[in-house]
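Any chance you could fold what I've pasted below:
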Amino acid sequence: MKPQLIVAGLAICTLLLAPGCKKDNSKNAGNSNGDSSATKILRFSAIPDENTTEQTAKFSKFADHLSSELNITAEFVPATDYGASVDKFVNGEIHLAWFGGLTGVQARAEVDGARAIAQGIEDPNYISYFIANSETGLELSEDFPASIKDMKFTFGSEKSTSGRLMPSFFIEEATGFDAIKWFSNPPAFSGAHDKTAKLVETGTFQVGALSYKKYDSMVESGDLDANKCRIIWKTPPYADYNWTAHPDLETIFGAGFTDKLQAVLIAIDDPALLKALTRSKIIAAKNEDFQAIADVAKQLKLLND
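The predicted structure follows:
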């Protein structure tokens, strides 16, 4: 063989073996089949009730807390929308999520052994607000506001419990008609609770439905003018948000880890962490707590049989 060919062959081999040419396995860092330290990262997410920048900032505090209390590395992974948060959980990209009632039910239905382990003390009795721009002249009423039928209405995300699922259920209960078909003009979907509030405040939409927690927190922080964006109806209570754990946690971190994680979440008393969730206390949860949500989701054809 000619010397030039030998040199060329050695150069190619060197390039193939160079560190920069190794296959990138970083996307599989959460896979439980490996034994590197990267597999010990607890990646968690949450449904995006607000813009991802604000969400990432507040949940980074949770990551620090979980890392310290559990002696692991915890990392928050933002999701672009409700469906993405469920997909990440189902695909094993995250192993813990702050879900709404519907997204939690959907995720647990897709992952055998997934557990709802914690919820806010407010969550077993959650409610939605129906809100209206002040120009509509609508005021707070104990009765369902049937006059919104001919107004421009927006839900939040299509998969939001408090911004779509339960408002749809209560509209159907009050009118006898499918919520989408009942309105004179098809309702829109803003994508998030804070967007719903701002769209109604500005008059882009006359009426909307959203989480009472998000509305109250926006008014309290000065991000929303309650005189321009009024509460016109409060729904009956239902179960909503929860922390749901993936069964792979037991493989990655060892048997009994999920119970340890549950205990850490329930023990949180730091006002900053609780405020990030807009909750006053965290309590235990179990899958059965959300059976009523699953039943409504099936009824409205938002959950596979």
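
ok, Tyr82 touching Pro48?
Yes. Assessed by CB atoms under 8 Å, Tyr82 is found in contact with Pro48 at 7.1 Å. Every C-beta, even on glycine, is put in place using the N, C-alpha and C of the backbone.

Would you mind telling me which of those two has more residues around it?
Tyr82 (26 against 21; other CB atoms under 10 Å).

in which helix or strand would I find Ile117?
strand 115-120 (DSSP states H and E).

and if you look at Leu140?
Leu140 belongs to no helix or strand, assigned by DSSP H and E.

Now for the closest residue to Asp270 other than its chain neighbours: which residues touch it?
Sequence neighbours aside, His65 is the residue nearest to Asp270 in space, at 7.1 Å (criterion: CB to CB, 6 or more residues apart in numbering). By CB atoms under 8 Å, 6 or more residues apart in numbering, the residues touching His65 are 74, 264, 268, 270, 273.

ok, so what distance separates His65 from Glu173?
Using CB to CB, to the nearest Å, His65 is found at 40 Å from Glu173.

Let me see the ranges of the strands in the stretch 101-250 of the chain.
Here the stretch 101-250 of the chain has its strands, by DSSP state E, counting those that start in this stretch, at 115-120, 128-133, 153-155, 188-189, 207-211, 229-234, 242-245.

Rebuild these as TSV, extending it with distance to Glu93.
Output for the strands of the stretch 101-250 of the chain, formatted as TSV (distance: least, CB to CB, whole Å):
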stretch	distance to Glu93
strand 115-120	18
strand 128-133	30
strand 153-155	27
strand 188-189	25
strand 207-211	25
strand 229-234	36
strand 242-245	14
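
Find the residue ranges of the chain scoring beneath the pLDDT cut-off.
1-39, 49-51, 304-305 (pLDDT under 70).

Next, name the residue at the spatial heart of it.
Central residue of the chain (CA atoms, centre = their mean): Ile47, 1.8 Å from the mean position.

Go ahead and confirm that residue touches Trp98.
Yes. Using CB under 8 Å, Ile47 makes contact with Trp98 at a distance of 6.9 Å.

just to revisit the earlier point, for whatever helix or strand the residue nearest to Asp270 lives in, which positions count as buried?
Here His65 is covered by helix 52-70, with elements defined by DSSP H and E. The neighbour-count check on helix 52-70 (16 or more other CB atoms under 10 Å) flags 55, 58-59, 62-63, 65-66, 69-70 as buried.

What's the first helix or strand after that helix?
Next along the chain after helix 52-70, taking DSSP H and E as the criterion, comes strand 73-76.

Could you list every helix and strand in contact with that following strand?
strand 41-46, helix 52-70 (3 or more CB pairs under 8 Å, 6 or more residues apart in numbering; DSSP states H and E).

Take the ones you listed and write them to TSV, including distance to Phe183.
Shown next, in TSV, are these (distance: least, CB to CB, whole Å):
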stretch	distance to Phe183
strand 41-46	30
helix 52-70	30
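
The ones you listed: which one's closest to Val90?
Comparison of the helices and strands packed on strand 73-76 against Val90 by CB to CB identifies strand 41-46 as nearest, at 11.9 Å.

now the closest one: how far from the chain's centre is it?
Taking CA atoms, centre = their mean, to the nearest Å, one finds the center of strand 41-46 at 12 Å from the center of the full chain.

tell me which strands and helices that strand is in contact with?
Using 3+ CB pairs under 8 Å, 6+ apart: strand 41-46 touches helix 52-70, strand 73-76, helix 82-90, strand 96-99, helix 249-253.
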